[in-house]
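Trainee: got a predicted model here, sequence first, then my questions.
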Amino acid sequence: MDLTGKLLIAMPGMGDPRFDHSVIYLCSHGDDGAMGLIVNKPADLRVKVLLTQLNIPCEVPVVGERLVHFGGPVETSRGFVLHSSDYEANLHSMPVKAGFSMTATLDILEDIAAGRGPEQALLMLGYSGWGPGQLEDEISMNGWLTAEATPELVFGIADEDKWESALATLGVDPLTLSASAGHA
């Protein structure tokens with residue numbers, strides 16, 4: 001089953017503190033593994049600081065005040081932008097699913113800083129990655145739930161509320177979740 005464009009919701013007791021209460025947007029999933037971006041873990045870094053480090057002037061003050069997110073533990077010095085698909089000016093953008101695209105080139109940061117970027121965007125450092133079959137094993141071991149991704153959930157809800165909101169889309173109350181898997 002291809003989970004590209006879905007959300008992964010971390011189960012309690014996952015065992016890896018980097019993913020505790022994480023919600024991950026899966027940018028790709030296939031026989032060769034999976035790649036996703038954590039959408040609810042802001043880093044202690046403002047966008048304006050990142051833009052300054054890259055010598056990109058920020059012409060939109062509200063953009064500069066946003067927080068960069070921790071996208072995952074792989075290649076944490078590499079940047080990614082998960083954004084709405086209205087940003088079509090960039091030939092380097094990778095459409096993921098309806099409403100979502102991902103870009104990993106500097107030109108999107110320049111466009112965002114100048115107010116020409118996508119309507120909605122999350123800037124990330126690092127990504128989450130799985131080798132062939134690894135994500136499927138983690139799901140079968142009760143590490144993750146999967147849910148439909150919506151722009152409202154990914155871009156429109158406060159980071160601290162995304163985990164519970166993602167669970168709610170499945171009709172799951174976080175208080176009823178168990179950290180142990182059951183097998184019939």
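Mentor: Structure received.
Trainee: figure out how far stretch 81-100 is from the centre of its chain.
Mentor: 14 Å (CA atoms, centre = their mean, to the nearest Å).
Trainee: please apply the same query to stretch 117-132.
Mentor: 5 Å.
Trainee: do the same with stretch 106-113
Mentor: 18 Å.
Trainee: what does that stretch rub up against?
Mentor: Outside stretch 106-113, the residues that touch it by CB atoms under 8 Å, 6 or more residues apart in numbering are 47, 50-51, 54, 56-60, 63-64, 79, 81, 83, 87, 89-90, 92-93, 117-118, 121, 123. Quick note: C-beta positions are derived from backbone N, CA and C, even for glycine.
Trainee: please enumerate the strands of the protein.
Mentor: Assigned by DSSP state E, the strands in the chain fall at 6-10, 23-30, 33-38, 42-46, 67-70, 74-84, 94-97, 100-103, 121-130, 144-148.
Trainee: of those strands, which approaches Glu138 most closely?
Mentor: strand 144-148 (5.9 Å; CB to CB).
Trainee: against which helices or strands is the closest one packed?
Mentor: The contact analysis (3 or more CB pairs under 8 Å, 6 or more residues apart in numbering; DSSP states H and E) places strand 144-148 against strand 6-10, helix 134-140, helix 159-169.
Trainee: measure how it sits relative to helix 159-169, angle-wise.
Mentor: Following axes from the mean of the first three to the mean of the last three CA atoms, to 10 degrees, one obtains 80 degrees for the angle between strand 144-148 and helix 159-169.
Trainee: put the alpha carbons of strand 144-148 into CSV.
Mentor: Written as CSV, here are the backbone C-alpha positions of strand 144-148 (Å, rounded to 0.1, in the frame of the first residue of the first chain):
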residue,chain,number,x,y,z
TRP,A,144,2.3,4.5,13.9
LEU,A,145,-1.2,5.1,12.9
THR,A,146,-2.0,6.5,9.4
ALA,A,147,-4.5,9.2,8.5
GLU,A,148,-5.5,11.3,5.6
